[in-house]
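Undergrad: Quick one, structure for this:
(one chain, ligands or ions: 1)
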Amino acid sequence: DWTMAGYRAEAVRRIREQVGDAKVICGLSGGVDSSVAAVLIHEAIGDQLTCVFVDHGLLRLGEAEEVVTMFRDHYNIPLIHADESELFLGELEGVSDPEVKRKTIGRLFIDVFQKHAAEIGGAEFLAQGTLYPDVIESVSFSGGPSVTIKSHHNVGGLPEKMGLKLVEPLRELFKDEVRALGRELGLPDRFIGRHPFPGPGLAIRCPGEITREKLDILRKADAVYIDQIRKHGLYDEIWQAFVAILPVRTVGVMGDGRTYDFACALRAVTSVDGMTADYYPFTHQFLGETATRIINEVKGINRVTYDITSKPPGTIEWE
Ligand code: XMP
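TA: Residues are numbered from 1 along each chain as shown. Next up, the predicted model:
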């Protein structure tokens with residue numbers, strides 16, 4: 001009989017067999033996948049594992065603190081918190097092409113990892129929370145011709161360039177299975193239930209040029225939106241929800257003045273594995289209330305739209 005407890009034991013055995021007594025570094029993104037991978041690998045090889053959490057300046061409000069606290073204090077897993085926001089945002093200045101953004105971020109991740117792998121005295125392995133759909137989507141799309149839709153920076157390329165071997169204990173799993181494994185490993189429910197968050201972070205929710213101003217506005221709007229979703233008890237019904245800040249300013253009126261601020265788009269989808277998705281049918285009342293809150297509480301946004309595109313033909317993220 002197949003059980004998650006059995007899978008866990010088998011995965012631990014395989015990790016030990018693969019790694020031996022070598023050192024492993026694991027990139028934590030703050031998402032469920034890399035967190036589950038890290039906790040599983042830590043169970044297998046203890047302090048041979050060092051986690052690196054790269055703050056690329058493209059994280060959500062409070063995200064870095066949340067992740068660092070959980071891993072250091074709750075799990076006692078050795079963790080390097082690398083604040084590299086100057087580096088990433090500097091290199092991304094003036095970049096608006098989505099693939100260039102992804103490739104730039106992927107390249108910088110390699111640099112930062114290499115630096116820290118050297119610091120911990122020669123890691124031989126790199127651990128990644130790659131899932132089955134990541135493996136599939138980077139090769140083909142829904143059985144169609146073999147084209148790359150988006151460069152997922154956590155798949156391929158990275159370890160070869162770094163001279164590291166890969167440990168990918170979640171490679172055969174879908175998202176719901178990773179969550180079940182996380183529960184089995186005792187990760188807090190609130191953390192396991194978190195919506196997926198992409199490696200390139202807010203960069204791909206900021207179409208056009210990325211600026212600190214836009215990122216600040218986006219972080220605030222996103223926090224209000226997620227707060228609304230939680231307050232209405234909808235968070236667990238939705239597979240992923242976020243705000244994208246649009247590269248356009250529009251005219252509005254507030255009090256007795258004219259405003260000329262950014263427009264944003266709310267996104268919320270239901271999905272099983274991220275490969276296909278439907279937009280979430282919020283009530284008009286929810287949407288209206290959320291728009292009002294964002295415009296009142298977030299300086300810099302004066303227009304809110306709701307994205308009703310399914311995947312396909314859209315993708316979940318805007319880039
Ligand atoms: P798309 O936008 O391709 O996204 O429909 C499907 C799911 O994958 C996430 N995503 C990523 N995750 N690195 C990641 O770790 C990436 O480069 C990346 N791009 C998209 C996205 O958030 C959604 O859950």
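
Undergrad: Could you break the protein into its assigned domains?
TA: 4-192, 211-306 (automatic domain parsing).

Undergrad: what about the last one and the ligand, any contact?
TA: To tie it back to what came earlier, the one meant is domain 211-306. Yes: against the ligand, domain 211-306 shows contacts by CB under 6 Å from any ligand atom at 240, 274. Glycine gets a C-beta too; all of them are placed from N, C-alpha and C.

Undergrad: any idea which of the domains of the chain scores lowest on pLDDT?
TA: Here the lowest mean pLDDT among the domains of the chain goes to domain 4-192, at a mean of 87.

Undergrad: where's that domain relative to the chain centroid, distance-wise?
TA: 10 Å (CA atoms, centre = their mean, to the nearest Å).

Undergrad: For the nearest residue to Pro247 once chain neighbours are set aside, give me the pLDDT.
TA: With sequence-adjacent residues excluded and distances taken as CB to CB, 6 or more residues apart in numbering, Pro247 is closest to Gly208, at 3.0 Å. If you check Gly208, the pLDDT there is 98.

Undergrad: Pretty sure Val95 is one of the things Gly208 touches, is it not?
TA: No: between Gly208 and Val95 no contact is recorded; they are 9.6 Å apart, counting by CB atoms under 8 Å.

Undergrad: Quick check: Met4 touching Leu181?
TA: Yes: counting by CB under 8 Å, Leu181 is a contact partner of Met4 at 5.9 Å.

Undergrad: So between these two, which is more surrounded?
TA: Leu181 (24 against 14; other CB atoms under 10 Å).

Undergrad: Look at that one and give its secondary structure.
TA: The local conformation at Leu181, judged by DSSP: H, G, I helix; E, B strand; the rest coil, is helix.

Undergrad: my guess is it meets Leu173, correct?
TA: Yes: with contact defined as CB under 8 Å, Leu181 counts as touching Leu173 (7.0 Å).

Undergrad: And for Val100, the neighbour number?
TA: 13.

Undergrad: what packs against the helix or strand that contains it?
TA: In this assignment (DSSP states H and E), Val100 forms part of helix 98-119. Applying 3 or more CB pairs under 8 Å, 6 or more residues apart in numbering; DSSP states H and E, one finds that helix 98-119 contacts strand 24-28, strand 49-55, strand 79-83, helix 85-92, helix 158-162.

Undergrad: what's the neighbour count on the nearest residue to Arg13 once chain neighbours are set aside?
TA: Leaving aside its sequence neighbours, Arg13 sits nearest to Ala44 (CB to CB, 6+ apart; 7.9 Å). By the criterion of other CB under 10 Å, Ala44 has 22 neighbours.

Undergrad: With Gly193 instead?
TA: Gly193, neighbours per other CB under 10 Å, totals 14.

Undergrad: Just checking: what are the partner strands of whatever helix or strand comes next after the helix holding Val100?
TA: Tracing the chain past helix 98-119, the next element assigned as helix or strand by DSSP H and E is strand 125-127. Applying DSSP bridges to the sheet, strand 125-127 is found paired with strand 24-28 (parallel), strand 165-167 (parallel).

Undergrad: okay, those, which one's buried deepest?
TA: strand 24-28 (a mean of 25; mean count of other CB atoms under 10 Å).

Undergrad: distance of the residue located most distally from the centre of the chain from Asp111?
TA: Most distant residue from the mean C-alpha position of the chain: Asp256, 40.2 Å away (CA atoms, centre = their mean). Asp256 sits 51 Å away from Asp111, taking CB to CB, to the nearest Å as the criterion.
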